[in-house]
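Structure, please.
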Amino acid sequence: MEDKIRQIDHIYRNLKLETPNESHLPTHASVLLLLTCFAKENFKIFELGSGIGHVSLVLGKIYPKSQIIGIEIQKKLYECSLKNKNANQSTNVEFYNLSVKNIKEQFNTEVADYLIFNPPHYFDGIKNKLEDRRTARSSENLEILDNFLYASKYLLKNKSLGSLVIHPYILSDTVVLLEKNHLKAQHIYVAYGDKKNDAQLVSIVFRKNGGRNLIIHSPIFFRIGKN
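Numbering: from 1, shown residues only. Next comes the predicted model:
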């Protein structure tokens, strides 16, 4: 895993990224999503809610023989992703300005070998003051998460894997919605800011029509303290 962390870090440090504001730049969630990705070369990989495109662009660098497709509902972020694709000469990456609710309008079913996303995961409490960031990271209810999962079920080939990153406080809701959409959790990675605090993020790798094969992996720490 350390080699993959170094690879992701190297790619990110060399990406040229245009963004409407700093809140759409890479975060711990972006790195965790890439770190726990089970994609392979020669895959067709979808990212739902691709924002300014940086996760898709990193995937394109890690898997140069794969086709990467990013789906983003916000026009401003989608336009940035097109500029970022060109600036980084990512010929194996495509972006679409599309809602996950309308995925059937653009794509046939069962075309994805792998699929990833970091959905909105704040459903109450304080909302971000920036409208585009609020749309990207928060929602009034769990319907939008269900929409992401339904799109995952629609796009994924049977028995294929996908992965998502969420905040721990919606873990139980997410597992229920995964089951509803015939997506079975296979791997869970729990990430912490350091060893003294509660979990920050959870990555779930799921399989379409998968079996009961859940593995909960060793914790991931973003920072290693002295103790």
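
Okay, helices next: where are they in this protein?
Ranges of helices in the chain, per DSSP state H, are 2-14, 28-35, 54-62, 75-87, 131-137, 143-155, 171-180.

Spatially central, which residue of this structure would that be?
Taking CA atoms, centre = their mean, the centroid of the chain lies closest to Phe117, which sits 2.4 Å from it.

of all the helices of the chain, which lies closest to Lys195?
Proximity to Lys195 (CB to CB) singles out helix 28-35 among the helices of the chain, at 15.4 Å. Every C-beta, even on glycine, is put in place using the N, C-alpha and C of the backbone.

hmm, who's touching the closest one?
With contacts defined as CB atoms under 8 Å, 6 or more residues apart in numbering, helix 28-35 is touched by 1, 4-5, 8, 12, 54-55, 58-59, 62, 116-118, 163-165, 189, 191, 193, 200-201, 203, 220, 222.

if you set the cut-off to 7 Å instead, what comes out?
Under the criterion CB atoms under 7 Å, 6 or more residues apart in numbering, residues 1, 4-5, 8, 54-55, 58, 116, 118, 163, 165, 191, 200-201, 203, 220, 222 lie in contact with helix 28-35.

Give me the buried subset of these.
Buried residues within those, counting neighbours by 16 or more other CB atoms under 10 Å: 8, 54-55, 58, 116, 118, 163, 165, 191, 200-201, 203, 220.

which of those lies closest to Gln67?
When the buried ones among the contacts of helix 28-35 are compared for distance to Gln67 (CB to CB), Ile116 wins out at 13.9 Å.
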